[in-house]
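>>> Model the structure of this input:
(2 chains)
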There are 2 protein chains.
Amino acid sequence: MERIAIIGLGLIGGSIGLALKAAGIRDIEIAGVARSRQTAQKARKAGAIDVEARDAADAARGARLVIVAAPLVTTRDVFAEIAPALAEGATVTDAGSSKALVARWAKESLPAHASFVGGHPMAGKERQGIDAADAELFRGKPWVISPAVDASDGAIPLVVGLAQAAGAEPMFMDAEEHDSYVAAISHLPLVLSSALFSMAFGSAAWPELAALASSGFRDTTRLASGSPEMAHDIMTTNRENVLHWIDRFEQELRRYRAAIAGEDAKHLLGTFMRAQIERDNYLADGPPMRHQAQALPKVSLSDFLLGSRVAEFMRKQEEIVRAAEDRAEGKRP
Amino acid sequence: MERIAIIGLGLIGGSIGLALKAAGIRDIEIAGVARSRQTAQKARKAGAIDVEARDAADAARGARLVIVAAPLVTTRDVFAEIAPALAEGATVTDAGSSKALVARWAKESLPAHASFVGGHPMAGKERQGIDAADAELFRGKPWVISPAVDASDGAIPLVVGLAQAAGAEPMFMDAEEHDSYVAAISHLPLVLSSALFSMAFGSAAWPELAALASSGFRDTTRLASGSPEMAHDIMTTNRENVLHWIDRFEQELRRYRAAIAGEDAKHLLGTFMRAQIERDNYLADGPPMRHQAQALPKVSLSDFLLGSRVAEFMRKQEEIVRAAEDRAEGKRP
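Numbering: from 1, shown residues only, chains lettered A, B, ... in the order given. Alright, predicted model coming up:
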């Protein structure tokens, strides 16, 4: 019997627990802890965890894999809290939306006999909390994996196995690189979405705007309903990248503004047409880099927990990481 | 047997035809025409129209109600084409996303013996064309009705009946007012959506961004996949309002940028929290002004086609329009 700990049982932590259970992994026990006992009870009743731990250290004690899914800004404290309890060879991962800062915190706080492998499952929902947890939340979604340079050979496949068990597509990525990319396609859209809703709501005409708003407005502002705490944590832990992409977006918006203000109908049409065609291609073909996920050998999390097939996995994985590093060089946006 | 004409059989025109058929209105014949004969044939086979007309004038001839659902910038030409064919007392409506310019075109081109009642069903889809047409497209969605000042008593309920038959919620609104409002909650989101996709696609890191993009990016850029022709038509026919709201949005984005760049964590949290709370309230309570639609008597389109219950309807409607005008005064954003 191997122990897996989940620290934080909100939407993400709860969904990870449910997904592991749904994957039917043999001989594991999931210990969980949340800020409130009520949440942990709910998680146990929902089948997301087997055991309610007293606190984070208690959950982590003796665990082979510790998954930190607490609010991003609290991750530093969680690391400090679990550090003394971590077993020899334990693997710690997280689910935070920023990776560079979390990696620094791990380096600061976690003991040398444990390995840190950062993780970021790219999935979310408007609704938060354990009640919104869903075993299928990660199905087909990217799950970024960003190992510390000194992570042990056994640690990386364990986190890959976790992502695969949840049905996600694991992708290796450097932490700094990850932070710049998600700022563009996740954090910036969150800012735009919230700012758009705020602008409309702040208008004297809001009653009329609200009455007229249809599915377009609803979709474009969906991210504005996400957890404000998470938005705060994202913005403060990935500030420079978010500011960079806000500025890039403003340039692009001005390009659109000029096309709309101008008299060149063909240019205006072309501006919208290019985005339409390329988005349709993107949806039809799937993302160009997803093959990385497909290239990883699919093995069960229990194989990794038992330590088998690690060598084969590591060979494959090294090739993939090297390719990703080659691509990343000189490609920082 | 009363004739209804649909000119333009794309997503909107085709869906209107299907919705009218699904509503089971007695004794009507729907004549339709599209730019290509193939489209009209498809529409007839799908049951969206009964008769393929030779051209717009042929479709409009003898019709009690003429629905123009052709591309917005071609509406002027369609009006000129159908003008000589319109029967005494015919009602003309449209489905364009801008209303003030279309109202001017109607005034220029349509004969005095016909009535113009502008319409804008606030519904759409990523996919365009007759193949995407759907009888349920308008269900529960706002359908703006913007009558010309000289529209006859019988004309307005006919268009309200059309909207109700399609399952939509008819809302009276002044054309200029409509154009400003939709610029904020429909046209601006389209610009933001297209600009966001364009920014990401234009980045050197696009392969990585695409691999990481999840449902948040997909939802926020959904409108970018709409018809570029429609985007072009919207921007050129509602230019000043769109530019106004782009500028308003830029101010709001800068407010968010300052909150993110600043050190005041409470202010940053509050910025996102206000939008989150207000959006959740908005989703929970429904739009504050929708009661207008509920206040209109529900009657069948055939009653209106037969001219019955018009007096009762007009009384109700006048109250509602007066209330809307009172609200609009001094409230232009």
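>>> In which helix or strand does A:E229 reside?
Using DSSP states H and E, A:E229 sits in helix A:228-237.
>>> Any part of that helix near chain B?
Yes: Helix A:228-237 is in contact with chain B by C-beta under 8 Å from any C-beta of the partner chain, via A:P228, A:E229, A:A231, A:H232, A:M235, A:T236. All C-beta atoms are positioned from the backbone trio N, CA, C, and that covers glycine.
>>> Spatially, what comes nearest to the fifth one if we skip its sequence neighbours?
In space, A:M235 comes closest to B:I260 once its chain neighbours are excluded; the distance is 4.6 Å by C-beta to C-beta, 6 or more residues apart in numbering or on different chains.
>>> burial of that neighbour, as a residue count?
22 (other C-beta atoms under 10 Å in any protein chain shown).
>>> could you measure it against B:S186, distance?
Between B:I260 and B:S186 the distance is 27 Å, computed by C-beta to C-beta, to the nearest Å.
>>> any idea of the mean pLDDT for stretch A:58-74?
Mean per-residue pLDDT for stretch A:58-74: 96.
>>> got the end-to-end distance for that stretch?
For stretch A:58-74, the separation between the terminal residues is 17 Å (C-alpha to C-alpha, to the nearest Å).
>>> Equivalent analysis for stretch A:199-208, please.
End-to-end for stretch A:199-208, by C-alpha to C-alpha: 14 Å.
>>> what about that stretch, near chain B?
Yes: using C-beta under 8 Å from any C-beta, stretch A:199-208 reaches chain B at A:M199, A:A200, A:F201, A:G202, A:S203, A:A204, A:A205, A:W206, A:P207, A:E208.
>>> out of the residues of helix A:228-237 next to chain B, who's nearest B:Q276?
Distance to B:Q276 across the residues of helix A:228-237 next to chain B (C-beta to C-beta) is lowest for A:P228, with 5.0 Å.
>>> Tell me the pLDDT of that closest one.
94.
>>> Now do the contacts for it.
B:L269, B:F272, B:M273, B:Q276 (C-beta atoms under 8 Å, 6 or more residues apart in numbering or on different chains).
>>> same question, A:Y282
By C-beta under 8 Å, 6+ apart, the contact list for A:Y282 reads B:F201, B:A210.
>>> Let's see that with 7 Å instead.
Listed by C-beta atoms under 7 Å, 6 or more residues apart in numbering or on different chains, the contact set of A:Y282 reads B:A210.
>>> which secondary structure element contains it?
helix A:265-285.
>>> A:K42: which element?
Take DSSP H and E as the rule and A:K42 turns out to sit in helix A:37-45.
>>> Return the list of helices and strands in contact with that helix.
strand A:28-33, strand A:51-52 (3 or more C-beta pairs under 7 Å, 6 or more residues apart in numbering or on different chains; DSSP states H and E).
>>> Which one of these lies nearest to chain B?
strand A:28-33 (24.5 Å; C-beta to the nearest C-beta).
>>> Buried residues in that closest one, which are they?
Of the residues in strand A:28-33, A:I28, A:I30, A:A31, A:G32, A:V33 count as buried by neighbour count, 16 or more other C-beta atoms under 10 Å in any protein chain shown.
>>> Save the residues you listed as TSV, and put in pLDDT and distance to A:S97 too.
Below are the buried residues of strand A:28-33 laid out as TSV (pLDDT from 0 to 100; distance: C-beta to C-beta, whole Å):
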residue	pLDDT	distance to A:S97
A:I28	92	27
A:I30	97	23
A:A31	98	24
A:G32	98	21
A:V33	98	21
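>>> The residue nearest to A:P142 when sequence neighbours are not counted: neighbouring residues, count only.
Excluding the flanking residues, the one nearest A:P142 by C-beta to C-beta, 6+ apart is A:M122, at 4.4 Å. By the criterion of other C-beta under 10 Å, A:M122 has 23 neighbours.
>>> if I pick A:M122, what's in contact with it?
A:K141, A:P142, A:W143, A:V144, B:L212, B:S214.
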